[in-house]
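1. okay, predicted coordinates and the sequence, questions at the end:
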Amino acid sequence: MSDDTATHDTATDDTSISWRDDRVASCADGTNPMVMAELASGWAVMGDSQFLPGYSILISRHRDAQKLSDLPRAQRLEFLADLDLLAAAVEAACIEKDPAFRRVNIEILGNTDAYVHGNVFPRYEWEGPKAEAPVWQYRADHWGDELHDYKPGHEPLRAAITAELERLARDEGAAPSTSE
C-alpha cells in the first residue's frame, strides 16, 4: 500500500519539494518526520495513514532498487530481517496498547511506489470481518482521508514501536539509531 495519497504538504528546506515527494532521500537526509529508526537496510517509518494504528513501513536505503529482486541476495536477506524486526516491534507495541490486537500482516507489493519497501499492518478484532481480508480491500478513502492521517495522538504508539525496535535490535546485538 502506498502512503502517497495523504494530504499533508510538509516541506523540506526547499519549500517546493515535500519529503513525501522522495521518501528515500528524505529518510537519508533526515527530513522525513515519520522516521522512527534507521536500521541496517533502511528506515522504519510510521505510515501516513493510521486507520490501523501502528501501521509502519520499512523503506530500503537502496533507492535504485524498484523491487526486492533488484537487490543482491545479501541485501534482500538484510531487508527481510529488518522487516521481521519491525513487524515484531509493531506486534509487541500494539499488544501492549490495544487488547483487541490480533496479528500483523506483512506485505511487499511495490505496485505504486517505485522503491523497495515493506508494509507492516497491525490487525485488530474491532475490524470485524475485515480483519480476515487483505488490508488493500479497505476503501480508498481509508488511505487518504484526513480522519485517518497520522496525528499527535499516535505519538504514544509510535514511541512504543520505536522503543521495541531499540530493545529487539539491542537483544540481537545491532541497535538502530532512532529519530526523535
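-> On my side now, so go ahead.
2. and the lengthiest helix in the chain, what's buried?
-> Taking DSSP state H as the criterion, the chain has its longest helix at helix 73-97. Across helix 73-97, burial judged by 16 or more other CB atoms under 10 Å covers 75-76, 78-80, 82-83, 85-94. All C-beta spots, glycine's among them, are computed from the backbone N, C-alpha and C.
3. which helix or strand contains residue 157?
-> Element membership for residue 157, per DSSP states H and E: helix 155-171.
4. tell me the angle of that helix relative to helix 73-97?
-> Using axes from the mean of the first three to the mean of the last three CA atoms, to 10 degrees, the inter-axis angle of helix 155-171 relative to helix 73-97 is 130 degrees.
5. low-confidence ranges, this structure, go.
-> Along the chain, the model assigns pLDDT under 70 to residues 1-17, 174-180.
6. all strands of the chain, in order?
-> 35-38, 42-46, 56-60, 101-107, 117-124, 177-178 (DSSP state E).
7. check contacts around the residue most central in space within the chain.
-> Central residue of the chain (CA atoms, centre = their mean): residue 57, 1.8 Å from the mean position. Neighbouring residues of residue 57 by CB atoms under 8 Å, 6 or more residues apart in numbering: 3, 44-47, 117-120.
8. repeat that with 10 Å
-> Counting by CB atoms under 10 Å, 6 or more residues apart in numbering, residue 57 touches 1-3, 23, 34, 36, 42-48, 83, 86, 113, 117-121.
9. quick one on the thing from earlier: will you turn the strands of the chain into JSON lines that also has distance to residue 18?
-> Listed next are those as JSON lines, based on distance: least, CB to CB, whole Å:
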{"stretch": "strand 35-38", "distance to residue 18": "15"}
{"stretch": "strand 42-46", "distance to residue 18": "15"}
{"stretch": "strand 56-60", "distance to residue 18": "15"}
{"stretch": "strand 101-107", "distance to residue 18": "25"}
{"stretch": "strand 117-124", "distance to residue 18": "17"}
{"stretch": "strand 177-178", "distance to residue 18": "23"}
